[in-house]
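1. one predicted model, sequence on top.
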Amino acid sequence: MNILKQLLKNQNIGNVDSFHLDLKCYGQANKDKILYFINENNKDFGFFAMYRAWIEYLYFADVCGYIPVVCAGENFLYKETTMVHGRGNPFEYYFDQPASINVQEVKISNKVIVSDLVHRQMVELILTGKYNHYKYTKRYMNAMSHTVRNYIRFNGYTMKYIDNGMKELRFEGEKVLGLHVRGTDFRARYDNHPVYVTEEDCFNEIDQMLDKKLYNKIFLATDDERILKNFSDRYGKLVVFYEDVKRSNRNQSVAFGQSKRKNHKYLLGLEVIRDMYTLSMCTGLIAGISQVAICAQINKLARGEQYKDLKIIDKGINVNNHIFKRCGEKL
């Protein structure tokens, strides 16, 4: 944080500079504040890739002393064509605004700085040593957990959905091992994505913990029907999961799929939020490298907690010419 503050110390706000801090005036509201409008619009980001982008921008705003306002752009994969809970901003489908200032107010405010990719790249570089959306360090995790604790709040709809789901799983009094296994497009081995972690990679780790009687329940979060079947066949009633999650049996992400269910895109976001948060509430965690697993750790740290057992199976990152591209499928 001190390095970032030093880099920003003598910048003249109002001029376009190497940090792209361009102060805009849209009206006369909030004259005593500098608003930071976070408007990431990457069309290829899954939910928790976007979530990490949001919290990196929020960290930047915190360091600079700006008041953040978050908007998910038109290309956000989870945006519906109609309003959800009376909200048109997809960020607000799930979360409250960090400072109770909405997008409409930004448009009439006196001092506004718009987020720029270089802002979060600078955060990643300083906290991890390089630009890599799957890389993280202890320093990064501590900084992001502090940011989540201070700025990220589920709205009432999201919190009720999570609470109801966890009650159905009957976690109370149980020693639960969280397990996150990404399938679908991870099986396709796209360039610059984590190497696919197979069921067999996880079985040995799980068996060791079960042999030591450390856990009496396994919560499985996965986007892949084949993975769900294989773990259920092996561990039977020890495995619990959310039955209403939309999963696929193909090597294409569910985020790019189509469905006839009402508010399908919104529900995809809601389901993966619940999976992430439930993983963060488990006593232990086994996972490959994934945005969901990273964010589960961040959210657990944000509550001042740590996993009793944490095993991240790191098989590296694919380096090949198999370039990721958007694909659709009917679910």
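-> It's in.
2. give me the residue at the spatial middle of this structure.
-> What sits nearest the mean C-alpha location of the chain, by Cα atoms, centre = their mean, is Phe48, with 2.2 Å.
3. show the pLDDT at that residue.
-> pLDDT for Phe48: 95.
4. ranges for the helices of the stretch 1-150 of the chain?
-> For the stretch 1-150 of the chain, helices defined by DSSP state H, counting those that start in this stretch occupy the ranges 2-8, 47-64, 91-94, 103-106, 117-128, 138-151.
5. reformat those as TSV; add distance to Glu271.
-> Heads up, the C-betas are built off the backbone N, CA and C, glycines and all. Shown next, in TSV, are the helices of the stretch 1-150 of the chain (distance: least, Cβ to Cβ, whole Å):
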stretch	distance to Glu271
helix 2-8	35
helix 47-64	9
helix 91-94	11
helix 103-106	25
helix 117-128	26
helix 138-151	20
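6. can you tell me, leaving aside adjacent residues, what's nearest to Gln291?
-> Excluding its sequence neighbours, the residue lying closest to Gln291 (Cβ to Cβ, 6 or more residues apart in numbering) is Phe48, at 3.6 Å.
7. pretty sure that neighbour sits against Ile298.
-> No: using Cβ atoms under 8 Å, Phe48 is not in contact with Ile298; the gap is 9.7 Å.
8. output the lowest mean pLDDT helix or strand found in this structure.
-> Here the helix or strand of the chain ranked lowest by mean pLDDT, DSSP states H and E is helix 2-8, holding a mean of 61.
9. so how far is the first residue of stretch 75-85 from its last?
-> 20 Å (Cα to Cα, to the nearest Å).
10. buried set for it?
-> The neighbour-count check on stretch 75-85 (16 or more other Cβ atoms under 10 Å) flags 76-80, 84 as buried.
11. how about Glu80, phi and psi?
-> Dihedral pair for Glu80: phi -90, psi 160, per degrees, to the nearest 10.
12. got a list of what it touches?
-> Shown in contact with Glu80 (Cβ atoms under 8 Å, 6 or more residues apart in numbering): 90, 93, 263, 265-266.
13. make it 10 Å
-> Taking Cβ atoms under 10 Å, 6 or more residues apart in numbering, we find Glu80 in contact with 87-88, 90, 93, 262-267, 269.
14. can you redo those residues as a markdown table with distance to Thr278 and pLDDT?
-> What follows is these, written out as a markdown table (distance: Cβ to Cβ, whole Å; pLDDT from 0 to 100):
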| residue | distance to Thr278 | pLDDT |
| --- | --- | --- |
| Arg87 | 24 | 95 |
| Gly88 | 28 | 95 |
| Pro90 | 22 | 97 |
| Tyr93 | 19 | 98 |
| Lys262 | 24 | 93 |
| Asn263 | 21 | 94 |
| His264 | 21 | 94 |
| Lys265 | 21 | 95 |
| Tyr266 | 19 | 97 |
| Leu267 | 16 | 96 |
| Gly269 | 15 | 96 |
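15. need the overlap of contacts for Phe48 and Ile298.
-> Joint contacts of Phe48 and Ile298 (Cβ under 10 Å, 6+ apart) are Met276.
16. thought Arg139 was touching Gly129, still the case?
-> Yes: counting by Cβ atoms under 10 Å, Gly129 touches Arg139, with 9.5 Å between them.
17. just how off-centre is stretch 99-111 within its chain?
-> Offset of stretch 99-111 from its chain centre (Cα atoms, centre = their mean, to the nearest Å): 25 Å.
18. kindly report the same for stretch 258-275.
-> Between the centre of stretch 258-275 and the centre of its host chain there is 15 Å, according to Cα atoms, centre = their mean.
19. ok, now stretch 260-279?
-> On the basis of Cα atoms, centre = their mean, stretch 260-279 sits 12 Å off its chain's mean C-alpha point.
20. and that stretch, what's buried?
-> The neighbour-count check on stretch 260-279 (16+ other Cβ under 10 Å) flags 263-279 as buried.
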